[in-house]
Every structure is written in C-alpha cells, then in structure tokens.
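Chemist: structure for this input, please:
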Amino acid sequence: MVSKLKRHLTFQSGGIFKVFSLTAVSTLVKMLTGLVSVKVVAVIIGPSGIALLGQLNSFATIIMVVASGGINTGITKYISEYRNSNSDIIKLLSNALKITLACSIVCGLFMIVLSGYLSRKIMLSNDYKYIFVIFGATVFLYALNGLISSVLNGYKEFKLFVVVNIIGSLGGLIFTLSFVYFLGLKGALISAVTFQSVMFLISLIMIRKLPWVKQEYFNQPVDKQTLLKYLHYSLMTFVTAATAPVAQIILRGHVIANISATEAGWWEAMSRISNMYLLVITTSFSVYYLPRLSEINNIQIIRKEIINSFKIIVPVLIAGFSILYIGRFLVIKLLFSTEFLQMEKLFLWQLLGDFFKITSWLLAYLMIAKAMTRAFIITEVFFTIFYLATAYLLMSEKGVLGIVQAYAVNYFVYLIIMLALFRKTLFYKHT
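Modeler: All right, here's what the predicted structure looks like:
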C-alpha cells in the first residue's frame with residue numbers, strides 16, 4: 001500500500017506532487033502572512049469594513065482581467081507550448097506586452113474618469129472616489145506583474161516562482177499592515193488596489209537576469225496570427241471576469257442593502273478563509289497543471305494525468321476539510337474576533353462547495369488548455385445565472401447561509417456536467 005501510494009505521488013518527474021512540494025514553503029508563507037493580515041484587518045475594521053473590502057476586491061478581480069487583456073492564461077499555455085522556439089517566443093512576448101499596456105492604460109483612464117460613479121455603484125457611497133483614482137493610476141503595474149507571473153509559469157520556472165512569491169508575501173504583509181494600522185479602513189482599501197503594483201517592482205528585480213528579459217523580446221511589430229491566438233483566451237477570461245466576481249458584487253450588495261452589512265462581512269470572512277486554502281490548489285494548477293495539459297496531445301496521457309491528479313487531490317481535500325470543519329470555532333477565533341462567531345454555520349456548505357469546485361477544475365482546465373472557447377463560455381454563463389438564481393431563492397429565507405448553500409449546489413451540478421463533457425477522455429480506453 002505504501003509503495004503504491006508513493007508511485008501515485010511521484011507519477012512523473014516534475015508532476016503535480018513535485019510542484020506541491022516546491023510551492024509548499026511559498027504557500028505556507030503566503031498563508032501565514034494572509035492569516036496575520038486578515039486578523040489585524042478584521043479586528044480594526046470589523047465585519048462591515050470586511051464587507052466593503054470584499055466589494056473592492058471583487059471589482060479589482062474584474063479590472064485586472066480587463067487590464068491584462070485577458071491573455072495571461074494564453075501566455076502560460078503558448079509559452080509552455082513554444083518555449084523551444086525562440087522566434088515564436090519573441091512574437092508571443094512582444095504582442096503580449098503591447099496588449100497588456102494598451103488595455104491597462106485604457107482601463108486606468110476609465111477608472112479615473114468614472115471614479116465618482118464607481119464609488120457609488122461598487123462601494124455604495126460617494127466617499128471612496130480616491131480609491132478608484134489611485135487604482136487607475138497604478139493598474140498598469142498590476143497588469144505587468146500578471147504578465148511576468150504568466151511567463152514564469154509557461155517556462156516552468158518553479159523555484160523562481162516560489163522565491164518571488166515568498167518575498168512578495170512578506171513585503172505585502174508589511175505594506176498592508178502599515179496602511180491599515182495608520183489609516184484604518186482607508187488604508188485597507190488603498191493597500192488592496194496598490195499591493196500588486198509593489199509586487200511588480202519586486203518581480204522585475206528577481207527576473208532581470210533571465211534570458212528572455214531583453215529588449216529584443218518585446219519590440220517586435222504586431223503579429224495578427226498571435227493576436228488571434230490570444231483572442232480565444234481573452235474571450236474566455238473576460239467571460240470569467242464578467243461572471244463570478246460580478247455575481248459576488250451583486251449578492252454582497254444585496255446583502256448589505258437588504259439584510260445587514262454584518263452578515264455580508266461574515267460571508268466575506270468565510271470567502272477569505274476559503275481563498276487561503278484554495279491558494280495551495282490554484283498555485284499548483286497555474287504553475288504545473290495548465291502548462292502540462294497544454295503541452296500534451298496524446299489523449300491517453302491526458303487521461304492518466306487527470307486520474308493521477310484526482311488520486312492525490314481528493315484524499316487531501318477530504319482530510320483537510322474534515323479537520324477544518326471540526327476546528328471551525330478555533331479558526332474563527334484565531335483569524336477574526338467574537339463578532340464573527342456566527343459565521344460557523346457557513347463552514348459546512350462552503351467546504352462542500354469548494355470540494356466540488358476543485359474536483360471539477362481538474363476537468364475544466366482542459367477547456368482552457370485546449371482553447372475550447374465555446375464550451376467554456378457557455379458553461380461559465382449558465383452556471384453564473386444558475387448560481388445567482390439559486391442564491392436569491394435560498395437567501396430570501398436563510399440570509400447568507402442561502403448563498404453558500406447555492407454555491408455548493410452550483411458546483412456539484414458543475415462537476416456532473418464536467419464529467420459528462422469529458423466522459424470519453426476519462427472513461428473510454430483509447431488505442
């Protein structure tokens with residue numbers, strides 16, 4: 001049994017378990033810094049402040065997709081696919097930089113000009129115009145940092161990725177806590193929209209000696225074929241940005257306006273806990289899983305990769321989520337304050353939803369890796385509408401508990417659809 005487990009955990013040199021190991025220190029540091037940050041922010045600004053910060057973070061998620069042109073996933077895929085062809089890499093990097101700069105500058109101007117409108121619509125108040133002006137002025141740095149991370153992922157620079165993230169996490173903790181300590185809620189909001197800009201400077205220093213960090217890799221003319229390649233990923237990424245984060249903004253705004261800002265804060269706090277442990281999975285998926293699926297063309301190898309990933313991830317999720325649920329009261333007290341104790345009722349449904357979400361991602365990443373644009377867009381739009389409808393239906397009687405119940409139901413159905421969509425890849429033997 002032990003030897004069998006060992007074979008599963010080392011099914012490939014450079015496999016997902018190896019990436020888990022390589023990113024373990026980075027993830028641990030990021031989680032610990034996140035825990036400290038969440039604790040301090042929660043104590044200083046309370047549930048209602050956490051709810052407002054959640055609104056801004058959801059908006060920032062959308063903006064970052066638009067500012068990057070939605071091509072970061074495409075950069076990772078194509079760098080991984082063509083990393084042995086210098087001429088293709090130059091085309092990919094040159095066009096990626098042009099797209100990123102153009103989109104981020106337009107996006108920044110949009111936020112500055114419409115800062116008052118965005119303050120009213122996103123933050124439900126006229127008092128936060130300055131946040132969107134600051135974000136608009138720095139968003140291009142945010143986008144460039146995303147470009148660097150995507151290229152590192154494509155080249156499978158695992159060790160450098162880990163070092164950059166550790167330094168960024170420690171720097172980000174100091175940055176955020178300083179702003180929150182001296183400026184309270186205002187500081188939390190400012191740090192939320194400027195942290196990644198600071199990360200760009202750190203990343204640039206760390207990668208400056210890599211072979212592709214040269215002017216000639218980024219100054220080639222626009223190539224229409226490369227732009228069309230990126231367009232598929234722009235469409236998929238824009239759909240993602242226009243679905244999940246928008247749904248969160250709509251639901252959180254409804255809770256703040258019609259139920260209570262405190263309950264909205266409980267839900268946001270639960271989401272932050274979720275994001276912490278999802279970090280372990282999403283880091284490995286972005287660093288290893290997507291590039292790996294992108295470079296494989298043999299359906300038998302794809303099937304083996306997916307099944308082996310299931311064998312590793314599912315038991316880990318079950319064990320980890322069981323421990324987290326049992327210790328939920330301790331987690332709340334450690335991370336937040338007594339004002340958040342009533343959020344314990346959200347844990348079961350959030351954990352179930354995250355379990356279905358992660359297991360469905362093992363299949364859904366195939367749509368991204370193989371540029372299955374139509375299937376991706378249809379499923380994203382449908383399940384966002386389904387989630388919103390289910391959430392409103394349950395929320396009317398159960399408050400924010402209804403939202404996390406809808407979340408679990410949504411991803412359970414999504415997992416079933418993914419299994420159906422990729423049934424031939426998973427269950428049929430290919431010769």
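Chemist: what is the burial count for Thr76?
Modeler: As a burial measure, Thr76 scores 26 neighbours (other Cβ atoms under 10 Å). The C-beta positions use only the backbone N, C-alpha and C, and glycine is treated the same way.
Chemist: got a list of what Val151 touches?
Modeler: The contact partners of Val151, by Cβ atoms under 8 Å, 6 or more residues apart in numbering, come to 75-76, 79, 93, 96, 212.
Chemist: 6 Å instead, please
Modeler: Applying Cβ atoms under 6 Å, 6 or more residues apart in numbering to Val151 gives the contacts Ile79.
Chemist: from Phe218, how far out is it?
Modeler: Shown here: Val151 relative to Phe218, a distance of 11 Å by Cβ to Cβ, to the nearest Å.
Chemist: ditto for Val180
Modeler: Going from Val180 to Phe218 by Cβ to Cβ gives 36 Å.
Chemist: ok, Ser260 next?
Modeler: Using Cβ to Cβ, one obtains 50 Å as the distance from Ser260 to Phe218.
Chemist: kindly report the same for Ile312.
Modeler: Per Cβ to Cβ, Ile312 is found 38 Å from Phe218.
Chemist: which of these two has more neighbours?
Modeler: Neighbours per residue (other Cβ under 10 Å) separate Ile312 from Phe218, with Ile312 holding more: 18 against 15.
Chemist: give me the neighbour count for Thr73.
Modeler: Thr73 has 26 neighbours, counted by other Cβ under 10 Å.
Chemist: isn't it right up against Ser234?
Modeler: No. Assessed by Cβ atoms under 6 Å, Thr73 is found out of contact with Ser234, at 9.5 Å.
Chemist: tell me, what residue is most central in the chain?
Modeler: Nearest to the mean C-alpha position of the chain, by Cα atoms, centre = their mean, lies Thr282 at 7.0 Å.
Chemist: just the CA trace of the helix or strand harbouring that residue, in CSV.
Modeler: Element membership for Thr282 (DSSP states H and E) is helix 261-284. Once non-C-alpha atoms are left out, helix 261-284 reads as follows in CSV (Å, rounded to 0.1, in the frame of the first residue of the first chain):
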residue,chain,number,x,y,z
ALA,A,261,-23.5,44.7,6.4
THR,A,262,-22.6,42.4,9.3
GLU,A,263,-23.9,39.3,7.6
ALA,A,264,-22.1,40.4,4.4
GLY,A,265,-19.0,40.6,6.5
TRP,A,266,-19.5,37.1,7.7
TRP,A,267,-19.8,35.8,4.2
GLU,A,268,-16.7,37.8,3.1
ALA,A,269,-14.8,36.4,6.0
MET,A,270,-15.8,32.8,5.1
SER,A,271,-14.7,33.6,1.5
ARG,A,272,-11.3,34.8,2.8
ILE,A,273,-10.7,31.5,4.7
SER,A,274,-11.7,29.6,1.5
ASN,A,275,-9.3,31.6,-0.6
MET,A,276,-6.4,30.8,1.8
TYR,A,277,-6.7,27.0,1.4
LEU,A,278,-7.6,27.3,-2.3
LEU,A,279,-4.3,29.1,-2.7
VAL,A,280,-2.5,25.7,-2.3
ILE,A,281,-4.5,24.2,-5.1
THR,A,282,-4.7,27.1,-7.5
THR,A,283,-0.9,27.8,-7.2
SER,A,284,-0.1,24.2,-8.3
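Chemist: which parts of that helix are buried?
Modeler: 261-274, 276-281, 283-284 (16 or more other Cβ atoms under 10 Å).
Chemist: now do stretch 59-78
Modeler: For stretch 59-78, burial by neighbour count (16+ other Cβ under 10 Å) applies to 59-78.
Chemist: what's the span of it, first residue to last?
Modeler: 28 Å (Cα to Cα, to the nearest Å).
Chemist: equivalent analysis for stretch 114-129, please.
Modeler: 9 Å.
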